[in-house]
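Asks: Below are the sequence and a predicted model; questions follow.
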Number of protein chains: 2
Amino acid sequence: MKVTRAQAQANRQAVVEAAGRLFREHGVKGVGLAELMGAAGLTHGGFYKQFGSKDELVAEACGVALAAGPLKWTRIAEAAGARREAPLAALVRHYLSPAHRDHIGKGCALAGLGPDAMRHDASLRPRFEEAVRAHAEVIEHALPPSGASADDALATLSTMVGALLLARMVEDEAFSRRILDAAAARVLDPAAERTA
Amino acid sequence: MKVTRAQAQANRQAVVEAAGRLFREHGVKGVGLAELMGAAGLTHGGFYKQFGSKDELVAEACGVALAAGPLKWTRIAEAAGARREAPLAALVRHYLSPAHRDHIGKGCALAGLGPDAMRHDASLRPRFEEAVRAHAEVIEHALPPSGASADDALATLSTMVGALLLARMVEDEAFSRRILDAAAARVLDPAAERTA
DNA sequence: ATTATCTATAGATCTATAGATAATGC
DNA sequence: ATTATCTATAGATCTATAGATAATGC
């Protein structure tokens, strides 16, 4: 019933990762400790050897999930740059894709955890604030170099997060895609007017 | 212990309204039936004389809260038109205000209920879809008449909802306002570039 | 007589803890 | 000997129901 110290560390990490996924999928209050530990292949009794409380795990899972976003975005932007594609276009194609919309468990933590985790524990706000800044910074560097600004990046981030959330609320697949596409078009060329 | 039929109807309505507010503030899973009935001045035992289940109340509360949005927006747009103010400017000034950000219980149900209610019961999706369409339609009518389109309205709605949610995740008041203002500027004049 | 509401509680579930167990690590 | 994990359970809370109560409405 005991495992190596390395295995225990890996188990702990598995719990944090399962939490990040399950909290995004079902909400913090929608996942019990037993289900959570079970998803990591453990029983619920061992939980408190690894974490002080559920809230503590929530904070850690949010931290890990939020940090993954800008890392992934930077990789996408750099890969695009290497192909001589506009970095923002690559970012947006990924973020506003049906695949991202349908995989909330592995998707953007700002959209997938923010509204729920915030209600569960307002003391997480600094963590989310830092993540908003980090996400916006990646966008700012990905914007076309002409007068690009931090405010443009914040507006762009708002459009992306909002469209993802709205697309997830919608039943009709065609309408959902239209939300994603309209937001992508606005973000990639804010000046253009689009006709219905 | 019995009340008039009219009072019973008013009590029922009070429960639905309290639910709409409390679900937005604490999430569906964050409010118990006892707290809910208490907020309407009743005890929890009487709940099932009025509603078949908690899920049934969730659906009704979402319906009422979602319908209120476009109604309010239409009133704001029409009042602005009467003053010869641009309707979209009036809408945005209301939606992206610190007051709206800070009063989630009475605020936009797409932002305040959507992400949470969706997870709690996916069968609510048609209700939310209808609400997305209705909100977008008000925006479409409020857009400047030149080539305005349904896609422009969807992108604008995405920016507004996303900015409200991000502004609510942020601790620093100045940064939170900056998110709201950057989104407002983008929505009111998409073509403009903003300098930091 | 009907019924809206209340008191009381059953049954399920959730967080957290206690004590046992068995493999690691000194 | 230490400790990561397991089994078992305490205590709280939540949804839902049962039966009592008292005022309405025919």
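Replies: Received it, and whenever you're ready, just let me know what you need.

Asks: Look up phi and psi at the residue nearest the centre of chain A.
Replies: Note on chain A: the residue nearest the mean C-alpha position is A:C108, at 1.6 Å, using Cα atoms, centre = their mean. A:C108 adopts backbone torsions of phi -50, psi 130, taken as degrees, to the nearest 10.

Asks: Is A:G41 in a helix, a strand, or coil?
Replies: coil (DSSP: H, G, I helix; E, B strand; the rest coil).

Asks: That one - how many residues pack around it?
Replies: 10 (other Cβ atoms under 10 Å in any protein chain shown). From N, CA and C alone the C-beta is placed, and that goes for glycine too.

Asks: Those residues of chain A touching DNA strand C, which are they?
Replies: Proximity of chain A to DNA strand C, by Cβ under 7 Å from any atom of the strand, involves residues A:1-6, A:31-35, A:44-45, A:47-48, A:53-55.

Asks: could you say which helix or strand contains the closest residue to chain B within chain A?
Replies: Going by Cβ to the nearest Cβ, chain B is nearest to A:G162 of chain A, at 2.6 Å. Assigned by DSSP states H and E, A:G162 belongs to helix A:150-169.

Asks: what's the answer for A:E137, then?
Replies: helix A:125-142.

Asks: Turn the buried ones among the residues of chain A next to DNA strand C into a named ChimeraX selection, would you?
Replies: This is how ChimeraX selects the buried members of the residues of chain A next to DNA strand C, with burial counted by 16 or more other Cβ atoms under 10 Å in any protein chain shown:
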select /A:31,33,47,54
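
Asks: what does chain A put close to DNA strand D?
Replies: A:1-3, A:5, A:7-8, A:11-12, A:37, A:42-46, A:49-50.

Asks: Mind picking the lowest-pLDDT entry from these?
Replies: Within the residues of chain A next to DNA strand D, pLDDT reaches its minimum at A:M1, with 72.

Asks: check contacts around A:E173.
Replies: Each residue near A:E173 by Cβ atoms under 8 Å, 6 or more residues apart in numbering or on different chains is listed here: A:P98.

Asks: ok, now A:L91?
Replies: A:73, A:76-77, A:80, A:138-139, A:142.

Asks: which one's the longest helix in chain A?
Replies: helix A:54-82 (DSSP state H).

Asks: list the buried ones in that one?
Replies: A:54, A:57-63, A:65-66, A:69-70, A:72-74, A:76-77, A:80.

Asks: and what of stretch A:167-181?
Replies: Result for stretch A:167-181 [16+ other Cβ under 10 Å]: buried residues A:167-170, A:175-181.

Asks: Turn those into CSV, including pLDDT and distance to A:R93.
Replies: CSV is the format used below for these (pLDDT from 0 to 100; distance: Cβ to Cβ, whole Å):
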residue, pLDDT, distance to A:R93
A:A167, 98, 14
A:R168, 98, 18
A:M169, 98, 22
A:V170, 98, 20
A:F175, 98, 20
A:S176, 98, 16
A:R177, 98, 13
A:R178, 98, 16
A:I179, 98, 15
A:L180, 98, 10
A:D181, 98, 11
